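# predicted model follows, preceded by the sequence.
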Amino acid sequence: GQVASSTGVDGGAQPARVPPPAKKDDSLVGKATAVLDEIKMIQWPSAGQVASSTGVVFGVLIFTSVVMLGVNYLLSSAANNLFEKEREGGIGQSPAEAARRISEEEQRLGLAAEGAEAEAGSAMEAAAAQEA
């Protein structure tokens with residue numbers, strides 16, 4: 001066959017075999033022969049190249065897994081601290097318990113608001129009495 005130049009894996013020019021022009025054979029045997037001829041021309045990697053590439057893939061996989069686990073841990077910790085579910089007892093509450101807690105909180109805030117209004121009124125009355 002003819003010889004043509006191609007670039008190899010290491011970047012150096014290597015001769016590549018170019019098959020002679022073949023007659024087109026559309027039969028099953030002809031196609032199988034063409035496939036086998038193509039497979040013979042493949043430049044397969046050495047065992048060292050395969051092992052090296054596999055090591056790189058596993059290294060990247062482990063590194064990415066550790067990073068993702070770390071991000072997951074940080075985000076879940078932040079979410080737990082933000083929502084304070086454990087401290088507030090929000091986990092596992094029935095709707096009735098949640099409604100009772102909400103009404104208690106509303107009452108507490110309502111009483112606090114009424115107390116603030118009363119204090120403001122008393123302060124205004126005291127200021128008016130001092131001016132008089």
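Great, that's in hand.

# hey, where'd the strands end up in this protein?
Along the chain, counting by DSSP state E, strands occupy 2-7, 13-18.

# least reliable of those strands by average pLDDT, please.
Per-stretch mean pLDDT for the strands of the chain is lowest at strand 2-7 (a mean of 53).

# so where's this structure uncertain?
1-16, 18-23, 84-93, 111-121, 123-124, 132 (pLDDT under 70).

# rerun that using 50 as the cut-off
Counting by pLDDT under 50, the chain contains low-confidence residues at 1.

# which parts of it are helices?
Using DSSP state H, the helices found in the chain span residues 28-41, 47-83, 85-88, 95-131.

# export these as a markdown table, with columns for mean neighbour count and distance to residue 17.
Where you see a C-beta, it was placed from the backbone N, CA and C, and this is true even at glycine. Conversion of the helices of the chain to a markdown table gives the following (neighbours: other C-beta atoms under 10 Å; distance: least, C-beta to C-beta, whole Å):
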| stretch | mean neighbour count | distance to residue 17 |
| --- | --- | --- |
| helix 28-41 | 11 | 6 |
| helix 47-83 | 10 | 21 |
| helix 85-88 | 11 | 68 |
| helix 95-131 | 10 | 77 |
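
# how close does residue 122 get to residue 63?
Separation of residue 122 from residue 63 (C-beta to C-beta, to the nearest Å): 66 Å.

# again, but for residue 95
45 Å.

# for residue 42, same thing?
From residue 42 to residue 63 the distance is 31 Å (C-beta to C-beta).

# could you do residue 105 as well?
Taken as C-beta to C-beta, the span from residue 105 to residue 63 is 47 Å.

# and for residue 37?
41 Å.

# same thing with residue 109?
50 Å.

# residue 94 now?
Residue 94 is 45 Å from residue 63, by C-beta to C-beta.

# what do you get for residue 97?
According to C-beta to C-beta, residue 97 and residue 63 sit 45 Å apart.

# same thing with residue 131?
According to C-beta to C-beta, residue 131 and residue 63 sit 75 Å apart.
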